[in-house]
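Peer 1: Curious how this folds, go ahead:
(one chain, ligands or ions: 1)
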Amino acid sequence: MSRYDVVIAGGGLVGGCLAVALGQTGLRVAVLEAVASDAASQPSYDDRTTALSPVSRRILEALDLWPDLQGEITPIREIHISEQAGFGYTRMRADREGVPALGYLVPNRRFGQVLPQRLQHQPGLDYLAPARAVATRTTAHGIELTAEDDEGRQQLLKARLVVAADGARSVLREQWDLPLHEHDYGSHAVIANLTPGEDHRGRAYERFTPDGPMALLPTTGGRCALVWSVADDELHDVLALDDAAFLDQVQRRFGYRLGRFRQVGRRAHYPLRGHVVTQPLAPRGVVIGNAAHTMHPVAGQGLNLALRDVAWLAQLLAEAERRGEDVGHPALLQRYARQRQADTRLIMGFTHLLLASFGNRLPGLRAGRNLALKWLDIVPPARRAFMKLGMGLGTPLPALAAGCPLNREEPR
Ligand SMILES: Cc1cc2nc3c(=O)[nH]c(=O)nc-3n(C[C@H](O)[C@H](O)[C@H](O)COP(=O)(O)OP(=O)(O)OC[C@H]3O[C@@H](n4cnc5c(N)ncnc54)[C@H](O)[C@@H]3O)c2cc1C
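Peer 2: Numbers count the residues shown, from 1 in each chain. Below is the predicted model:
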């Protein structure tokens, strides 16, 4: 039987980043990842492009992951929010706010090239893949996790803490019987890369349409990443469209701000279901990332919120380890849960508010929200408050978010 301080179930974006963060502590860690990183079915490192906030950038810098992502990062210089057939719009510009960028686009596949590589060579870490977590059992002084490989061979891992980062359909969350608030958005996100007729100039567009929001995000090679919310009952028809008809539908909703779309790549789709655990804790267990919360991608917040989960959990575990305390102690886990509550509520609320405000088709409300968009555009304090929320600056930040690695005392 192998013994660890922390076993992380799930080596996707969130579990992988937590494992890298714990590499800055003296803790002995194992990561179990169900799917090989180069498999086409890898659910975390897929065709999506993720918008990261400046706070997430600082966390990834403190983990020394940011330099490895270079070459595929596209800074967001401007965000343009509008409603189809509406008169109002809001523009947020990095130069006007005195920051280098409002956010950054990174392809998930790039993370898939970087993170598993890092984990395979990290001292003090065992990276087991493909291996899935199937069950846990608490004992008098710890927790045991049963792992299973693709041939059905089982292995028992003993730890002081198990972190479930095993995604939205978390097996461990189910086993631990953690209650969830769930929400079905009744839609799917259809994603694809588009080539616009004009240079995107680092501008990200959020366009609210009567059918749901559509985002066009700037990426490398002059392309844009499309995230289009399509009602469940229309998904089949949208996926059946040929390239020209698909581009035509996007163009109708988006307009000609980027000229005429010329090309579209492979389409993929994701069911949009939201959930949040009422309490992310079990005896010697904690859930983070998609296992703890998922939300509509309209505000691009899921991974940004989860990276702050990672940064806070790693910081509390590092402090406990320095003091020689038990990293699975209930008091420590309670501290983590309390710490994450406000941020999680704020970001889930922000996302729901955005969707609810633009989801209502009443004509009076439409005029009101277009006035609100105009107001945000011309009133700097209102715009900055909105941006602060979107950038994850609404609640206190952990040390990693100040760019301070866990093995250093002071922020650099
Ligand atoms: C269309 C779309 C667009 C998005 N855009 C953005 C954005 O712009 N910005 C943003 O911040 N967020 C965005 N998100 C959210 C973001 O993708 C998620 O927050 C992120 O994927 C969460 O990562 P995770 O590691 O928690 O879960 P996952 O990515 O689901 O990874 C879970 C991992 O656990 C593994 N696993 C599963 N079960 C087991 C098991 N039993 N044992 C071991 N391993 C297991 C899986 O193989 C996988 O590798 C978007 C989401 C969608 C759907």
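
Peer 1: what comes up buried for the strand or helix carrying residue 314?
Peer 2: Using DSSP states H and E, residue 314 sits within helix 302-322. Buried residues in helix 302-322, counted by 16 or more other CB atoms under 10 Å: 302-321. C-beta here means a position set from N, CA and C on the backbone, and glycine is covered the same way.

Peer 1: Can I get stretch 125-135 in PDB? Just the C-alpha atoms.
Peer 2: Presented in PDB, the C-alpha positions along stretch 125-135 are these (Å, rounded to 0.1, in the frame of the first residue of the first chain):
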ATOM      1  CA  LEU A 125       4.600  13.300  -6.800                       C
ATOM      2  CA  ASP A 126       3.300  10.100  -8.200                       C
ATOM      3  CA  TYR A 127       1.300  10.600 -11.300                       C
ATOM      4  CA  LEU A 128      -0.900   7.600 -12.000                       C
ATOM      5  CA  ALA A 129      -2.600   7.600 -15.400                       C
ATOM      6  CA  PRO A 130      -4.800   6.100 -16.700                       C
ATOM      7  CA  ALA A 131      -6.100   5.300 -13.200                       C
ATOM      8  CA  ARG A 132      -9.500   6.100 -11.800                       C
ATOM      9  CA  ALA A 133     -10.600   6.700  -8.200                       C
ATOM     10  CA  VAL A 134     -13.400   4.200  -7.500                       C
ATOM     11  CA  ALA A 135     -14.000   4.400  -3.700                       C
END
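
Peer 1: Let me know whether it sits next to the ligand.
Peer 2: Yes - remark: stretch 125-135 sits within contact range of the ligand at 132-133, by CB under 6 Å from any ligand atom.

Peer 1: Spell out which parts of the stretch 151-300 of the chain neighbour the ligand.
Peer 2: Residues of the stretch 151-300 of the chain lying near the ligand (CB under 6 Å from any ligand atom): 165-168, 171, 189, 191, 227, 270, 289-290, 297, 300.

Peer 1: between those, which has the most around it?
Peer 2: residue 165 (34 neighbours; other CB atoms under 10 Å).

Peer 1: distance of it from residue 19?
Peer 2: Residue 165 is 9 Å from residue 19, where distance means CB to CB, to the nearest Å.

Peer 1: hey, what's in contact with both of the two?
Peer 2: 8, 11 (CB atoms under 8 Å, 6 or more residues apart in numbering).

Peer 1: Next, count neighbours for the residue lying closest to residue 125 once chain neighbours are set aside.
Peer 2: Counting by CB to CB, 6 or more residues apart in numbering, residue 125 lies nearest to residue 29, which is 4.9 Å off, once chain neighbours are set aside. Neighbour count of residue 29, defined by other CB under 10 Å: 26.

Peer 1: wait, doesn't residue 29 sit right on residue 21?
Peer 2: No - assessed by CB atoms under 8 Å, residue 29 is found out of contact with residue 21, at 9.8 Å.

Peer 1: Got phi/psi on the closest residue to residue 306 other than its chain neighbours?
Peer 2: Leaving out its chain neighbours, the residue that sits closest to residue 306 by CB to CB, 6+ apart is residue 289, at 4.1 Å. Reported as degrees, to the nearest 10, the phi and psi values for residue 289 are phi 60, psi -150.

Peer 1: Would you map out the domains in this protein?
Peer 2: 2-74+105-182+273-402, 187-272 (automatic domain parsing).

Peer 1: Can you give me the end-to-end span of the longest one?
Peer 2: To tie it back to what came earlier, the one meant is domain 2-74+105-182+273-402. 35 Å (CA to CA, to the nearest Å).

Peer 1: So for that domain, mean pLDDT?
Peer 2: Domain 2-74+105-182+273-402 carries an average pLDDT of 93.

Peer 1: Make 452 the starting number, not 1.
Peer 2: Renumbered: residue one is now 452, and that last one reads domain 453-525+556-633+724-853.

Peer 1: all helices for the stretch 452-601 of the chain, in order.
Peer 2: 464-473, 505-513, 517-520, 545-548, 559-571 (DSSP state H, counting those that start in this stretch).

Peer 1: now the host helix or strand of residue 827, how far from the chain's geometric center?
Peer 2: If you go by DSSP H and E, residue 827 is part of helix 814-829. Helix 814-829 sits 29 Å away from the centroid of its parent chain (CA atoms, centre = their mean, to the nearest Å).

Peer 1: Pull up the per-residue confidence for the closest residue to residue 498 other than its chain neighbours.
Peer 2: Leaving aside its chain neighbours, residue 498 sits nearest to residue 719 (5.2 Å; criterion: CB to CB, 6+ apart). Residue 719 carries a pLDDT score of 96 in this model.

Peer 1: I'd guessed residue 719 sits against residue 642; true?
Peer 2: Yes - at 5.3 Å, residue 719 counts as touching residue 642 under the criterion of CB under 8 Å.

Peer 1: which residues do those two both contact?
Peer 2: 498-499.

Peer 1: Could you point out the helix or strand that follows the helix holding residue 827?
Peer 2: In N-to-C order, the element after helix 814-829 by DSSP H and E is helix 831-841.

Peer 1: and the domains of the chain, which is most packed in?
Peer 2: Stretch with highest mean neighbour count among the domains of the chain: domain 453-525+556-633+724-853 (a mean of 19; mean count of other CB atoms under 10 Å).

Peer 1: residues touching residue 731, list them.
Peer 2: Shown in contact with residue 731 (CB under 8 Å, 6+ apart): 629, 737-739, 743, 787-788, 791.
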